[in-house]
Structures are given as C-alpha cells and as structure tokens.
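**Q** need a structure here:
(2 chains)
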Amino acid sequence: MDALLLARAQFAFTVSFHFIFPAFSIGLASYLMVLEGMWLRTGSGLYANLYRYWVKIFAVVFGMGVVSGIVMSYQFGTNWSVFSAKAGPIIGPLMAYEVMTAFFLEAGFLGVMLFGISKVGPRLHFLATCMVALGTLISATWIISVNSWMQTPAGYAISESGQFVPAGSWLSIIFNPSFPFRLIHTVIAAFLTTSLVVGAVGAWHLLKDRTNPGARKMFSMAMWMLAVAAPVQILVGDAHGLNTLEHQPAKVLAMEGDYHPSPDGAPLILFGLPDNDLAKVRYEVAIPKAGSLILKHDPNAPLPGLTDFPHDLWPPAPVVFWSFRIMVALGLAMLALGAFGLLARFRKNIYECRWLHRAAVAMGPAGFVAVIAGWVTTEVGRQPFTVYGLLRTAESASPLHASAPAASLAGFIIVYFFSFGAGTYYILRMMGRPPQPHESEPPHVPHRAAGITPAAAVDGPPKER
Amino acid sequence: MDLTNVWAAIIAFAVFAYVIMDGFDLGIGILFPTFAVGEERDQAMNSIAPVWDGNETWLVMGGGGLMAAFPMAYAIILPATYPLVIAMLLGLVFRGVAFEFRWRDPAHRAFWDWAFCIGSAAATLAQGVMLGAILQGIHVEGGAYAGGLLDWLSPFSLLTGVALVAGYALLGSTWLVGKTEGSGLAHASRLAKRLAWVVLLALAVISVVTPFLNLEYARRWLEMPNVLLTAQVPLMTVIAVLLLMRGLRKRQPRVPFLMALTLFLLGFTGLLISVYPYVVPGSVSIWQAAAPPESQTFMLMGTVIIVPLIIAYTGWSYWVFRGKVSAQGYH
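**A** Got it, this is the predicted structure:
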C-alpha cells in the first residue's frame, strides 16, 4: 500500500473511533442538563439519582472523546501537511475558535460539574452543567462548519502560492451552503444516538425489574425523545439530500447508484452491487421513478448520471451506496421504534410491553452505526477531493515514506482497541448496574476519583489499596 | 508591533501555558510509581483530577493556533517530527484513559498506574526531543519538509528530551508540596530537592551546547552588548533554584512551585532569545510562515475577548479546588 492510502486509512480509523464519543456526549450532556434542571425545579430525588447515574458514564465517554480528539487535531499536520498549509488560513481560524469557545468551556466547567457541587452549591453547579452542554454544541457547530466548508467551499480566493485565503466575509465561510443542513442533521443524530442508548439501558433494567423507578423514567424520557426526533431527522435528512444534489451532484448519484442519466424520472435502486468499472449496478432491485420523487419531489423530473462527469471525478460508488443504505435503514428502524413507543404509551403498557423493551435493547447501538455510516457516506462521497472540486486528496498528503503512516496506523490500532476497548467494557459494566434509589452522591464522595470522575460513585469506595 | 508579531506572542503564550499547566500533571505521572500504593498515589491524583483536562486543552490551542496563524510552520514541523508527534499522542491517550480507569477497576489498578506513568513519560520525552529537533534545525526546501524520517534523532535532542522529563517531574513534585500532607508531602519534598539539582545541571549543559548548534545562536547570546542582557538569564536561573531549595527547607507550601515555574519561564525566555523571529530556526521566519492578514485579524478579534474569559474561569476553577487535598478528597 502506498503512503496516501495508508494516510487515508489512518484518518478514517481515528476519526471513526473519535466520532463515536462526541456522538454520545453531545446528547448526554444535554440530557444531564435536563435532568438537573428538572431536579432543581421539582426537587424530586428521582431526577437527582438519574443525574448521578449518567454523569459517571458521561465522564468516561467525555474523557475518551477528549484524548481521541487531540489526536485528530495533530493528524492534519502529520499526514496532511499540504492540505494544512493550503487550507490553514481558512479552516485554521475556525478550528481555533472551536478550541477557544468550546474546548476550554467544557474543560473549565467539567471539573466543577463532576467534583464541585459541595463547593459551589446547586445553582452554580447547574450553570457548570449547562456550560458543558453548551460547549459540546458549540464544538459541533465549529467542526461541522469546517467539514461543510471542505464539502461546499465558499468565501475564498486562491493565492499565488496556491493557498486558500479568505475573500470577503467570514460569515460566508462559516455559513457555507451545506453548513445548516449538516449541523442540524448531525446534532439530531447525536440526540438520537443518546436516546437510543438511554432507552436501551432503561429497557434492559425494565426487563429485569419493571418497577425500578429510575429505569421507568429514563425509558419514558428516551422514548419521547425518539418519537419526536426520529421523524424530524428524516425530514432534515431529505432536505440535506436536496442540498447535496445541488452542490455535490456526483455524491448523490453515487449514493443512488445512478450511473446513467434518466431524462424522464430516475428509479430508486433499493439493492444491488454498484460497479464503477462497468458503470452499472449489478443485480439491481429498483422502484421506477421513485428516485426522482425523493430527490426532486417530482416523479418525472430528469436526473443526471455519473457518466455525465469525467470518470476520475467519481466517488467510490459501492462504499457510498451501501453506507447510505445502512444509515437510512437504521433511521427507518428508529422511526418504527419511536412509533412503537407511542403506541405502547397510548395503550398504557409502555412499562410492561416486553417486545418494546427487547426492541429498544436491540436498537441501543443503532445510533452509533448510523452515525458512522452517515459519516462514511458524506466523507467518501467527497472523494477524490479534500476541498470539493478544488484540492484533490492525492495532492493533500504529506511528503512521507509509506513506513511512517504504516507504523503509526499500527500504533493507533493497538492503542485504540486496547484503551477504548477497556473503556467500553467499563461503560457497559456501569450500564449493567440498575439505577439505585440512592445513587452515590458526587458532593460527598469520600474517595475522589481522579481523572474526571468520582470513582467511589461507581462501585463504592475502593476496597483495596 | 505588527499583527504577525502579535500572533507569535499569542502562540508563544499558549505553548508556555501548556508547558507549565500540563507540565505539572505530566510530572505527577512520571513520578507516580515512586509514590506508595494507596494514600500517597490517591492524593497525587486527586490533586489534579479537576484540572488536568483543561490543562491539556492548551496543547490543542497551541497546535490549532499554529495551524491557523502560521500554517506553513505547522506543515513543516509536524512531518519533520512525525514519530515524536505520534508517540506523544499515543502516550497522551494511554495516560488520559488511565486517569479514568484506575478508579473503576481496582483489580487492574497496578496496570493502569503503570500506563499512567509510561504514557506521561513518553509524551514528555517526545515533547522534549521535539524541542531539541526544532532547535537544531529542520531541513526545508521549497516551503516543505525535505528531510528523512529520523532526522530529529541526535544526542542534543535526546538531551532536551531527558531535561524536559526532569523539568516536568520537578513541576509535579513542587505542585504536590503545595497540595499534599503527611507522607506524600515528605516524599514530594525529597523528590523536589533532587530534581532541582538535576534540572539545573540539564539547563547548564543545554545552555553550553546550544550556541555550538548554530552560529546565530552563539552570536545572540555572546556578542557585546547583548551578553549583558542575556547573562541575566543564567544568573536568575541559579537564584531561582536557590530560592526553591530555601522554600523546601522552610516548608513553604507555594514557593517551590512558583520557583519551578520561574525556572520554566527563564528557560522559555532563553529559547525565544535563540529563536525569534524564526519559527523554524534558520529557515522560516514568522513572516514567511504567516497566514494572510484576513485570517489573523479574524482570529485576533475573538482571541482578545475570549482568552481573558478563559483565563478567568480557569482561574475560578482552580480557586474552587484550592488548598490541600487528601486521599479523602477536598475538604
């Protein structure tokens, strides 16, 4: 394998691993904010208990997100130095704003959120929780802006040395054409991911003990969130698709498997094996005219095909085609689960319906898979460019011998699987413990955990020294 | 003072903030196995639990800021020190998760304690070697790195690597002098005493060797009348070490840490005297590497407002967790 392919593999590996954590922590931070807000408003110990239950999990997720995120910020320089030198004047400031407005906010208030309630009182503590939740959303905003600019660049000029330099307004860079769609789609995805996990944990404990009040509350809250967010997400995804068709048509055509133009309405290919070399989808199963109905909201609207573009501008269609289908299928499954939840609520057996609980447990990891699949669709669909239409991936990489990205990729794989594997195990273990009527209280944790978590809050005080 | 100089100052500030803040918690990691299992270790970790995450954020600020304000320097330095950057990142991953996991898994606590130590030491060594590699010069052609994979490796860069390990360990031990009680305090004081001498020796050796790396460095440090100013740096370094020792002897809780910070400030000043206005010594100046003024201005508008705010709430967070800790947490 050459250095370019290895560098791409490394980026794909590290970013996929990283993205799992923010996809969870963005939603979880907001959930914690809601829980603490309800706790302050109602004074109900139930909310306090749920807060304490989830904040321990949040701490581990957040910690892993931080360390894997630091890796990302340096990979631009190690493996993609030409991209960094050329696009640095545009994306550098956006990333610097992310650090200044989000990372520091999260990190600064996280210590107080996890350890400080006895020192600052409930109101200031709630403020810290809100600041951490706000930080996760601000962080998403900036990083999605950077990514969107790479997809639909705007507000730039190209200097004599080939650098992208800002031209005109920074607002046109930040609010580039695909940014709003991508941001809303991603944030809702994070909320959905979290509600699926919270719902699965609630359902798991309901299956064992359907009277556990903590499990009932978290399950109910998660099912409400799912019922509202899943349909909204599908509408937003549709709007995002129209936007992509406008700005990155080759990506959408690869997602759809439309190699050839359809002058009077494109079919919707459900399944098949796209083949870039043959320029066709083998064994396709298709619904006539439904593709145009979805993309143009008109069954007879003409659509172009990939063959309208030079062959060397095609994204790798098979990957995009399938990752897109995985995302959509999971989105529809989420919609179905949300509807199932509403039905059970209407029939007043939401806490008794075992099939609903089993379905919720099964769907627990679906958000992560959908998020990664969506990410693959949008990133692989951008190929062969890093900055769409302007800077090719092959021209973005550092001048390196293949041994450098090969050795570092091996290092990342070993360290990530080992350390984040252990983290996943600990998180699952925490989730496997039902919420107690009196969750250990962070304010009076006798043995303060280091890291960013009250350790004793997890399993009681450390037993052995 | 032009915009590029302002940005050079901001990046220098961010790097220095990172070095001293993550420095003391990395130092605690380096020294971790020397603390007794149980109360001493728990105290040491408790003293940095609420703040290490914010400390490490300055690393992202330094790297991100460099990319934004001096993209060319970022694109040269990172490929030139590739294996070091990777080693640093992997070290930080290991250490960051160890922070969390040792408390959740008493059965494997010894393992995560070692991961914490080795990760911290590897990250620190990599940073120190990186510093030496930048000082000794980077082979640049046509605005890009043109050297090999292992150009950074030299006796000098290994020396700066070891020196930084000793330096962070000194910061960590003096921090613990201010934060711990009982046997942990006694142990931290002993360590600080020894480490202060090691650091002084390392600084002396580096100061003697650096002028031989590059004629330009020698000229800056040794030519009249510059030498009258530059000679103050080693002089003040010796004074800082003596005050540090005195603070330890008199059992002053804060003076040793403040003097260790002063040592780092002096070392950093020495570095700037050698390097400025180059960002890649000998080949790329800050003006050559600078991003266009539109980028620098846009970032500056936010920075002047936001960074003071960051410093304010970071300071508040340190204040909330002020005072001595024990293995039992904050009282």
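**Q** show me the strands in chain B, by range?
**A** B:140-141, B:144-145, B:278-280, B:284-285, B:325-326, B:329-330 (DSSP state E).
**Q** do chain A as well
**A** A:156-158, A:164-166, A:268-275, A:280-287, A:385-387, A:391-392.
**Q** and stretch B:238-247, what's buried?
**A** Neighbour-count burial for stretch B:238-247, counted by 16 or more other Cβ atoms under 10 Å in any protein chain shown, picks out B:A240, B:V241, B:L243, B:L244, B:M245, B:G247. C-beta here means a position set from N, CA and C on the backbone, and glycine is covered the same way.
**Q** among those, which are in helices?
**A** Among the buried residues of stretch B:238-247, DSSP state H puts B:A240, B:V241, B:L243, B:L244, B:M245, B:G247 in helices.
**Q** just put these in TSV and tack on pLDDT and distance to chain A.
**A** Formatted as TSV, those follow (pLDDT from 0 to 100; distance: Cβ to the nearest Cβ, whole Å):
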residue	pLDDT	distance to chain A
B:A240	90	29
B:V241	89	30
B:L243	91	30
B:L244	90	26
B:M245	89	29
B:G247	90	26
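**Q** and the gap between the residue lying farthest from the centre of chain B and A:Y426?
**A** Distance from the C-alpha centroid of chain B peaks at B:A107, with 33.0 Å (Cα atoms, centre = their mean). Distance of B:A107 to A:Y426, computed by Cβ to Cβ, to the nearest Å: 12 Å.
**Q** what mean pLDDT does stretch A:413-427 have?
**A** Mean pLDDT, stretch A:413-427: 90.
**Q** no wait, stretch A:117-125
**A** 83.
**Q** what are the buried residues along that stretch?
**A** Buried residues in stretch A:117-125 (16+ other Cβ under 10 Å): A:I117, A:K119, A:V120, A:H125.
**Q** next one: stretch A:32-46
**A** Within stretch A:32-46, judged by 16+ other Cβ under 10 Å, the buried ones are A:L32, A:M33, A:V34, A:L35, A:E36, A:M38, A:W39, A:L46.
**Q** quick one on the thing from earlier: to chain B, which of the strands of chain A lies closest?
**A** strand A:164-166 (4.3 Å; Cβ to the nearest Cβ).
**Q** my read: B:Q43 touches B:T180, true?
**A** Yes - assessed by Cβ atoms under 8 Å, B:Q43 is found in contact with B:T180 at 4.9 Å.
**Q** just checking, B:L195 touches B:Y168?
**A** No - shown here, B:L195 and B:Y168 do not form a contact pair, counting by Cβ under 8 Å, at 9.6 Å.
**Q** more neighbours: the two, which one.
**A** Neighbour comparison, B:L195 and B:Y168: the larger count goes to B:Y168, with 33 against 24 (by other Cβ atoms under 10 Å in any protein chain shown).
**Q** check contacts around the residue nearest to that one when sequence neighbours are not counted.
**A** The shortest distance from B:Y168 to any non-neighbouring residue, by Cβ to Cβ, 6 or more residues apart in numbering or on different chains, is to B:G27 (3.8 Å). By Cβ atoms under 8 Å, 6 or more residues apart in numbering or on different chains, B:G27 lies in contact with B:S120, B:T124, B:G167, B:Y168, B:A169, B:L170, B:L171, B:G172, B:S173, B:W175.
**Q** again, but for B:V6
**A** Going by Cβ under 8 Å, 6+ apart, the list of residues near B:V6 reads B:Q296, B:L300.
**Q** in the stretch 251-400 of chain A, which residue sits nearest chain B?
**A** For the stretch 251-400 of chain A, Cβ to the nearest Cβ, closest residue to chain B: A:S398, 4.6 Å.
**Q** could you verify my assumption that that residue touches A:F76?
**A** No - here A:S398 does not reach A:F76: they are 9.8 Å apart, not a contact under Cβ under 8 Å.
**Q** list the contacts for the residue nearest to A:I174 when sequence neighbours are not counted?
**A** In space, and not counting its chain neighbours, A:I174 is closest to A:S145: 5.1 Å by Cβ to Cβ, 6+ apart. By Cβ under 8 Å, 6+ apart, the contact set of A:S145 is A:L94, A:I173, A:I174, A:F175, A:N176, A:F179, A:L183.
**Q** same check on A:N176?
**A** A:S145, A:S148, A:W149, A:Q151, A:T152, A:P153, A:A154, A:G155.
**Q** for the fourth one, the count of nearby residues, please.
**A** Yep, that's A:Q151 we're talking about. Quick note: A:Q151 (other Cβ under 10 Å) scores 25 neighbours.
**Q** roughly how far apart are it and A:F181?
**A** Taken as Cβ to Cβ, the span from A:Q151 to A:F181 is 10 Å.
**Q** what sits closest to the residue of the stretch 251-400 of chain A closest to chain B if chain neighbours are left out?
**A** That would be A:S81: by Cβ to Cβ, 6+ apart, it lies 4.0 Å from A:S398.
**Q** not counting sequence-adjacent ones, nearest residue to residue 193?
**A** Unless you meant another one, I'm taking chain A. A:G367 (2.9 Å).
**Q** was after chain B, sorry
**A** Nearest to B:K193 is B:L248, by Cβ to Cβ, 6+ apart, at 5.7 Å.
**Q** pretty sure that neighbour sits against B:R254.
**A** No - if you go by Cβ under 8 Å, B:L248 and B:R254 don't touch, sitting 11.6 Å apart.
**Q** looking at those two, which one has more neighbours?
**A** Using other Cβ under 10 Å as the criterion, B:L248 and B:R254 rank with B:L248 on top: 21 against 12.
**Q** quick one: contacts for that one?
**A** With Cβ under 8 Å, 6+ apart, B:L248 has these contacts: B:V177, B:S189, B:A192, B:K193, B:P256.
**Q** for these, which two are the farthest from each other?
**A** Farthest apart among these by Cβ to Cβ are B:V177 and B:K193. That separation is 10.1 Å.
**Q** in the longest helix seen in chain B, which residues are buried?
**A** In chain B, with assignment by DSSP H, the single longest helix is helix B:182-213. Buried residues in helix B:182-213, defined by neighbour count with 16+ other Cβ under 10 Å: B:184-185, B:187-189, B:191-193, B:195-196, B:198-200, B:202-203, B:206-207, B:209-211, B:213.
**Q** what's the burial count for A:P310?
**A** Neighbour tally, A:P310, other Cβ under 10 Å: 9.
**Q** what does it show for phi and psi?
**A** The phi/psi pair for A:P310 (degrees, to the nearest 10) reads phi -60, psi 140.
**Q** how much space between it and A:P384?
**A** Taken as Cβ to Cβ, the span from A:P310 to A:P384 is 11 Å.
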